[in-house]
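Trainee: sequence unknown, structure follows:
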């Protein structure tokens with residue numbers, strides 16, 4: 001079973017919904033999830049906020065934060081994950097979980113952020129969690145590793161929040 005298949009199965013069992021906000025991965029997290037039959041039961045939707053301004057206007061990341069730190073920052077990732085939960089609300093209910101990616105896949109650094117600096121975040125009603133990654137490889141390899149890291153972070157969050165028998 002692939003990580004995406006396992007995550008879709010876990011979310012389905014738990015009766016939880018997921019929404020995705022992506023920057024450097026450009027829709028690859030959502031594509032990985034929708035490749036799994038039955039993903040429509042849990043996946044609310046996805047936003048590719050590749051342009052920095054969309055992180056603010058669509059996902060609610062404060063423009064001041066983006067101006068001060070740029071789009072490759074832990075707090076930006078957390079706010080993207082939180083924001084996508086809200087914009088994918090159905091009948092007033094946000095997605096249970098939001099996951100986000102932001103970073104630099106290369107080939108060039110972005111401002112002060114080096115190639116390979118990636119932040120993945122997960123957010124739910126309990127708050128947000130961010131992982132900072134320093135990935136190596138070419139652009140495609142960094143993006144693929146970021147997808148894997150995002151799926152892993154959601155899986156880990158689910159495992160920690162699951163009721164103990």
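Mentor: Arrived safely, thanks for sending. These figures come from a predicted structure and were not determined experimentally.
Trainee: and the nearest residue to residue 137 once chain neighbours are set aside, how many neighbours?
Mentor: What sits nearest to residue 137 in space, not counting adjacent residues and going by CB to CB, 6 or more residues apart in numbering, is residue 145, at 6.9 Å. For the C-beta atoms, the positions are set from N, CA and C on the backbone; glycine is no exception. Neighbours of residue 145 under the rule other CB atoms under 10 Å: 19.
Trainee: Just the buried positions in the helix or strand containing residue 145, please.
Mentor: Residue 145 is part of helix 139-161 when elements are defined by DSSP states H and E. By neighbour count on 16 or more other CB atoms under 10 Å, the buried set for helix 139-161 is 142-151, 153-155, 157-158.
Trainee: and which of the residues you listed is nearest residue 97?
Mentor: Lowest distance from residue 97 to the buried residues of helix 139-161 (CB to CB) belongs to residue 154, with 6.3 Å.
Trainee: ok, residue 135 touching residue 142?
Mentor: Yes. Contact criterion CB atoms under 8 Å: residue 135 and residue 142 qualify, at 4.7 Å.
Trainee: For the residue nearest the centre of the chain, list the residues it contacts.
Mentor: Among the residues of the chain, residue 100 comes closest to the average C-alpha position under CA atoms, centre = their mean, at 1.8 Å. Residues near residue 100 by CB atoms under 8 Å, 6 or more residues apart in numbering: 20-23, 77-78, 80-81, 84, 119-123, 150.
Trainee: burial measure for the nearest residue to residue 16 once chain neighbours are set aside, as a count.
Mentor: On the basis of CB to CB, 6+ apart, the spatially nearest residue to residue 16 that is not a chain neighbour turns out to be residue 96, at 4.1 Å. Residues within reach of residue 96, counting by other CB under 10 Å, total 19.
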